[in-house]
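> structure here, sequence nowhere to be found:
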Ligand SMILES: Nc1ncnc2c1ncn2[C@@H]1O[C@H](COP(=O)(O)OP(=O)(O)OP(=O)(O)O)[C@@H](O)[C@H]1O
């Protein structure tokens, strides 16, 4: 078997396996129902022939039996429809849930967050997101095509009984089916070309419709401009697909004309045979019925095959994403455990980072040693590279060049997820999980998430106790509009919960805080951060961990043991606050004095 054919077959099996895993009973019954039911109209057409011939020769007994047969087949065909539809709906719905879970698992299994910044990976995910309904309907499509094949086979047998020459009629449908299949192949290729525009259109749709954007979009009167841009992006994406389909229209039309000619030919053939006495009236009626059925069947077969083609394509994309994730995991993961306690610290040697798809270095030539047990502040202007450094330290991003070592062991040598399990933190774009307060904080450490004492301690350390005390049900208060009685929090309140969440892990080797007080009011900011860092030092002492905090507030830097000053992706100063202040021409001192002046 050739490679593409094998890949095609694997994708087909994988699509069926999805529904089989999701709901075996519904999948099996859908196959039986959709696979066999289509034979019934052919059986009815044959029994009509028997009835007509029995009427012509006056065989009442046969006529009655044929009529009873028609009634039974018609009742079976019509009566089974609601069951068949219900079963296939059930199968599709449970497969959809499985597909969503699979996509979530795959995205979550990517060993680095970097992959999710890669436009190529994002395009793949976008097409899969668009086509994921096809995956849910995979077994349904296969069952429909199977039914169409069963019906074609039975029709061919019956036609051959009347006149073998009539077998040409179903064969004339082959070009139509091939042309439709080519058209689908073009659609598949066009989806890849259209992915970037489709992604932009989806982003604009979110900006134009999500409640969290609505204040700004309304204030600036952006609605019409966003809608226009959305329309343009969606139209560009659509144009790729429509253009590809348009080019396939000619062969599809030619194949349709060929089939129509054959259809007329078959009717003329059997009518002439009847006139010459070579066929019974029942056979003429049967041929008329069957040829009409075939024309409907060809339309359906083309539709079902298109459906199957889209399913196989979506399944192929899913398999390819699965192997991409597998390869990434195999490539990145080592087999060593991360340390429980730091001895020496974290070192960076010649580290550089270039984001996927970007020609610019976000960080370059960074060589530093962060001693175990230290609190390190990272300062610099917007876009200097502070968050990039933090992302690298967590191992969620891999350096493009250079190495990061923990107690002398390279980060890439740890088992996937091992270093992250020894890390905690609060990021700039912290999550706002709409759970109860206890769960929203507790998920910072799944091992102790259900321990109310651990959650309460984290809330206290995150300086969120005042917020929680003011909520109607304290820690049990559901958060956000996903709940009927959910409480909405302000940005600063959410950030304090994020800080509390970062305190759930009892003894991380690395605690990262990226602008941890950006949404907190200036009066509370300093107090919150100092209290937080003091508490962090205590927990850090258990594992001799490093705390890294990126902040624009240089008062934070003063409280740290070491300060990293970054400018345009390079470390321009590194040392204690006192040492950096002693350098009267250094950028840190200038920054510090300008900020002190601005705040006073
Ligand atoms: N996901 C990304 N893809 C491509 N480039 C990025 C990405 N994130 C950041 N950059 C680029 O990397 C550089 C450093 O960004 P970074 O977020 O590290 O700066 P920062 O010092 O944390 O800034 P801020 O103070 O504004 O948070 C910037 O030039 C930015 O444009």
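All right, it came through fine. The shown structure was predicted, so the numbers you read here are calculated from the model rather than taken from an experiment.

> three-state assignment of residue 574?
strand (DSSP: H, G, I helix; E, B strand; the rest coil).

> how about it: what's its closest non-neighbour residue?
residue 564 (5.3 Å; C-beta to C-beta, 6 or more residues apart in numbering). Heads up, the C-betas are built off the backbone N, CA and C, glycines and all.

> next one: that neighbour relative to residue 235, how far apart?
47 Å (C-beta to C-beta, to the nearest Å).

> circling back to that earlier point, did I read that right, the residue nearest to residue 574 in a strand?
Yes: assessed with three-state DSSP, residue 564 lies in a strand.

> isn't it up against residue 374?
No: between residue 564 and residue 374 there is no contact under C-beta atoms under 8 Å: 11.3 Å.

> who has more neighbours, those two?
residue 564 (26 against 20; other C-beta atoms under 10 Å).

> name the nearest residue to residue 490, ignoring sequence neighbours.
residue 519 (7.9 Å).

> neighbours of the one you found, just the number please.
If we define neighbours as other C-beta under 10 Å, then residue 519 has 17 of them.

> and the pLDDT at it?
Residue-level confidence at residue 519 comes out at 70, pLDDT.

> distance of it relative to residue 269?
81 Å.

> likewise for residue 546?
Taken as C-beta to C-beta, the span from residue 546 to residue 269 is 87 Å.

> mark out where each domain of the protein begins and ends.
3-37+80-326, 338-422+508-600, 432-506 (automatic domain parsing).

> end-to-end on the shortest one?
Put plainly, it is domain 432-506. 22 Å (C-alpha to C-alpha, to the nearest Å).

> so which bits of stretch 476-485 are buried?
477-479 (16 or more other C-beta atoms under 10 Å).

> residue 518 against residue 494, yeah?
No: at 11.4 Å, residue 518 does not count as touching residue 494 under the criterion of C-beta under 8 Å.

> looking at those two, which one has more neighbours?
residue 494 (21 against 16).

> now that one: phi and psi?
The phi/psi pair for residue 494 (degrees, to the nearest 10) reads phi -60, psi -40.

> rewinding a little: format the domains of the chain as a markdown table; extra columns: distance to the ligand.
Below are those laid out as a markdown table (distance: least, C-beta to the nearest ligand atom, whole Å):
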| stretch | distance to the ligand |
| --- | --- |
| domain 3-37+80-326 | 4 |
| domain 338-422+508-600 | 3 |
| domain 432-506 | 15 |
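
> least confident of those, on average?
Among the domains of the chain, domain 3-37+80-326 scores lowest, at a mean of 82.

> please compute how far that domain lies from its chain's middle.
20 Å (C-alpha atoms, centre = their mean, to the nearest Å).

> all the helices of the stretch 451-600 of the chain, residue numbers only.
452-461, 465-469, 491-501, 522-543, 554-559, 577-582, 587-599 (DSSP state H, counting those that start in this stretch).

> count the residues that sit near the closest residue to residue 583 other than its chain neighbours.
Nearest residue to residue 583, sequence neighbours excluded (C-beta to C-beta, 6+ apart): residue 589, at 6.1 Å. By other C-beta under 10 Å, 17 other residues sit near residue 589.

> cool, and the one 3 residues further on?
By other C-beta under 10 Å, 20 other residues sit near residue 592.

> residues contacting the residue nearest to residue 404 when sequence neighbours are not counted?
Leaving aside its sequence neighbours, residue 404 sits nearest to residue 411 (C-beta to C-beta, 6+ apart; 4.7 Å). Shown in contact with residue 411 (C-beta atoms under 8 Å, 6 or more residues apart in numbering): 395, 403-405, 419.

> buried subset of those?
395, 404-405, 419.

> got a markdown table for those residues, with distance to residue 104 and secondary structure too?
Output for these, formatted as a markdown table (distance: C-beta to C-beta, whole Å; DSSP: H, G, I helix; E, B strand; the rest coil):
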| residue | distance to residue 104 | secondary structure |
| --- | --- | --- |
| 395 | 21 | coil |
| 404 | 29 | strand |
| 405 | 33 | strand |
| 419 | 23 | helix |
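
> surely residue 175 meets residue 258?
Yes: here residue 175 lies in contact with residue 258, judged by C-beta under 8 Å, at a distance of 5.8 Å.

> how many other residues sit next to residue 259?
Look at residue 259: counted by other C-beta under 10 Å, it has 22 neighbours.

> which element is it on?
Element membership for residue 259 (DSSP states H and E) is helix 249-275.

> now for that helix, which elements pack on it?
With contacts taken as 3 or more C-beta pairs under 8 Å, 6 or more residues apart in numbering; DSSP states H and E, helix 249-275 sits against helix 168-171, helix 174-209, helix 281-332.

> rerun that using 10 Å as the cut-off
Helix 249-275 is packed against helix 138-162, helix 168-171, helix 174-209, helix 281-332, with contacts defined by 3 or more C-beta pairs under 10 Å, 6 or more residues apart in numbering; DSSP states H and E.
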